[in-house]
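Enquirer: Give me coordinates for this.
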Amino acid sequence: MQGPQFLSQEQVLLTTLVVKMAVMAALATMLVRYRLFRHILIFETRAWPDRLTFALGFGIPLAAGVASRLLLDYKAADLTLEGAFVAGLIAGPYTGAVVGAMVGLAPIFNGEWIALPFAVGCGFAGGGLRELCPKEAIWHFSPFIFTSLHRRAWRMLRTLEVDWQVVLLLAPIGLELLGLALGARWTVHHQLFILMPISTRTTFLVLLSTVLCVATPIKIWNNARIEHRLQEQEKLLLAAKIEALANQINPHFLFNTLASISSLVRTKPETARMLITKLSGLLRRLMRSTDHFVTLREELESIDEYLDIEVVRFGPQLRVEKRISPETLDVTVPSMILQPLVENSIKHGLSRKVGGGCIVITTALAAGHTIIEVRDDGLGMTEDRLVHALGDGIGLTNVNERLRTIYGQNYQLKLTSVPGAGTSVQVEIPELTLPERVPA
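Expert: Now for the predicted structure:
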């Protein structure tokens with residue numbers, strides 16, 4: 001029967017180094033999940049409150065790791081050098097010094113007198129390097145720098161130009177070597193905690209773990225920054241596409257209304273004058289609104305002004321009924337989405353019908369969606385015309401494209417029509433994925 005197997009001194013050191021890198025990666029991942037911390041990472045110019053927030057958010061867990069090393073002898077949680085250096089590198093020398101003071105204060109009570117000045121110095125070293133180094137070069141620093149180190153070193157020697165990735169690599173290595181020298185000098189009195197290597201190989205691994213503990217959080221945080229930028233670009237692209245589609249509607253509506261007014265100028269000048277007045281009021285309202293998204297209540301108010309114009313044109317032959325569910329009035333919808341539907345019903349369904357007709361606007365909530373329907377009792381469409389309805393006209397095509405752009409490919413107009421009985425156009429707005437208002 002074999003006795004208990006104990007790890008050798010080298011194996012203990014290697015295990016500690018691996019756990020140390022895992023602790024730093026876990027801390028960086030945990031912090032980046034918080035919106036406030038991500039916000040601080042995104043902008044290079046930071047006010048004092050942001051720097052203090054960064055120092056506290058990053059420094060308190062690091063100080064807790066130092067305390068666990070002092071109280072529980074858990075050496076892998078002590079990230080004094082790496083934490084202070086990273087804080088200075090990301091947020092500036094004073095933030096690095098604050099974090100260094102936070103992690104170097106507790107060891108003083110354990111007799112480690114060098115810990116505080118060394119930690120503060122690491123913070124200032126990171127901050128000083130930040131002042132010299134291009135900011136994007138810092139964010140490009142990666143744990144995989146070793147794969148291209150030989151090429152970078154040769155290019156530096158050949159061109160005599162500074163490669164900041166090499167400088168960022170050498171800085172934590174130099175600080176670690178300084179720490180090892182200080183720790184070895186006062187090793188008897190334990191005035192500075194270090195993971196003392198026992199061979200050339202373990203010395204290399206200690207230096208490697210220091211570099212990785214610096215590069216890993218930068219890599220994790222940079223990925224979060226890139227993800228944020230991509231999301232912002234998607235929002236800007238979406239807003240630009242929505243604005244382009246919305247801008248197609250207004251000229252289309254204006255052209256049709258002016259054509260109607262021109263036909264009344266000679267026969268009914270008073271009616272034409274009234275239409276011009278109402279049209280100017282509606283255009284003034286549209287110009288004041290810079291939102292691509294409005295509440296359904298606001299959209300219906302805009303439709304009322306448009307229908308006032310159409311009722312003047314068609315007289316009592318045009319009737320409009322509204323069956324609006326009160327709980328849908330505050331739902332957010334794309335602006336100018338109903339006007340093309342109503343205009344299409346009047347132009348293609350009722351204008352050629354003898355005896356006028358009726359338009360019914362209905363809204364309701366169903367299965368997590370807001371259902372908006374515009375129905376008329378006009379001439380209707382044949383199957384052939386129905387197939388091409390969403391591709392031939394500007395109004396319906398535009399609305400259909402906006403729905404698909406904003407909410408996805410599954411959301412588009414639903415057209416049904418019966419020749420001689422009328423046409424129904426239905427819009428579904430997903431209630432749980434309402435977009436934020438996007439200003440023009």
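Enquirer: for residue 7, helix, strand, or coil?
Expert: Here residue 7 is coil, with the state taken from DSSP: H, G, I helix; E, B strand; the rest coil.
Enquirer: Isn't it up against residue 15?
Expert: Yes: the criterion here is C-beta atoms under 8 Å, and residue 7 meets it with residue 15 at 7.0 Å. Glycine gets a C-beta too; all of them are placed from N, C-alpha and C.
Enquirer: hang on, residue 191 in a strand?
Expert: No: applying three-state DSSP, one finds residue 191 to be coil, outside a strand.
Enquirer: burial count for residue 338?
Expert: 23 (other C-beta atoms under 10 Å).
Enquirer: Quick check: pLDDT value at it.
Expert: Model confidence at residue 338, given as pLDDT, is 84.
Enquirer: can you pull the contacts of it?
Expert: 299, 300, 302, 303, 361, 372, 374 (C-beta atoms under 8 Å, 6 or more residues apart in numbering).
Enquirer: Give me the contact list for whatever helix or strand the first one lives in.
Expert: In other words, residue 299. For residue 299, the element it lies in under DSSP states H and E is helix 296-314. The contact list for helix 296-314 (C-beta under 8 Å, 6+ apart) reads 253, 257, 260, 264, 271, 274-275, 278-279, 281-282, 285-286, 289, 318, 320, 322, 324, 328-333, 335-339, 342-343, 346, 350-351, 356, 361, 363, 370, 372.
Enquirer: Now, of those, which are buried?
Expert: Among those, the ones that count as buried by 16 or more other C-beta atoms under 10 Å are 253, 257, 260, 264, 274-275, 278-279, 282, 286, 318, 320, 328, 331-333, 335-339, 342-343, 346, 350-351, 361, 363, 370, 372.
Enquirer: Restricted to strands, list those residues.
Expert: Among these, the members found in strands (DSSP state E) are 318, 320, 332, 333, 361, 363, 370, 372.
Enquirer: The third one reaches residue 370, doesn't it?
Expert: No: no contact is recorded between residue 332 and residue 370 when judged using C-beta under 8 Å, the distance being 9.2 Å.
Enquirer: if I look at the two, which residues touch both of them?
Expert: Joint contacts of residue 332 and residue 370 (C-beta under 8 Å, 6+ apart) are 296, 429.
Enquirer: quick one on the thing from earlier: could you tell me which of the contacts of helix 296-314 belong to helices?
Expert: If you go by DSSP state H, the contacts of helix 296-314 have 253, 257, 260, 264, 271, 274-275, 278-279, 281-282, 285-286, 339, 342-343 in helices.
Enquirer: returning to what we had before: quickly name whichever of the ones in strands among the buried ones among the contacts of helix 296-314 is closest to residue 118.
Expert: Nearest to residue 118 among these, counting by C-beta to C-beta, is residue 332 at 55.7 Å.
Enquirer: Next one, pLDDT for that closest one please.
Expert: pLDDT, residue 332: 86.
Enquirer: Name whatever forms a beta bridge with it.
Expert: Per DSSP bridges, the residues bridged to residue 332 are residue 295.
Enquirer: re earlier: out of the ones in strands among the buried ones among the contacts of helix 296-314, flag the one nearest to residue 211.
Expert: For these, the nearest to residue 211 is residue 332 (49.4 Å; C-beta to C-beta).
Enquirer: where along this protein do the strands fall?
Expert: Under DSSP E, the chain gives strands at 293-295, 318-324, 332-334, 357-366, 369-376, 414-418, 422-430.
Enquirer: The ones you listed: lowest mean pLDDT?
Expert: strand 293-295 - the lowest mean pLDDT of the strands of the chain, at a mean of 81.
Enquirer: just checking, what packs against that one?
Expert: strand 332-334 (3 or more C-beta pairs under 8 Å, 6 or more residues apart in numbering; DSSP states H and E).
Enquirer: chain center to the strand it packs on: distance?
Expert: 21 Å (C-alpha atoms, centre = their mean, to the nearest Å).
Enquirer: Worst mean pLDDT across the helices and strands of the protein, which element?
Expert: helix 383-392 (a mean of 69; mean pLDDT, DSSP states H and E).
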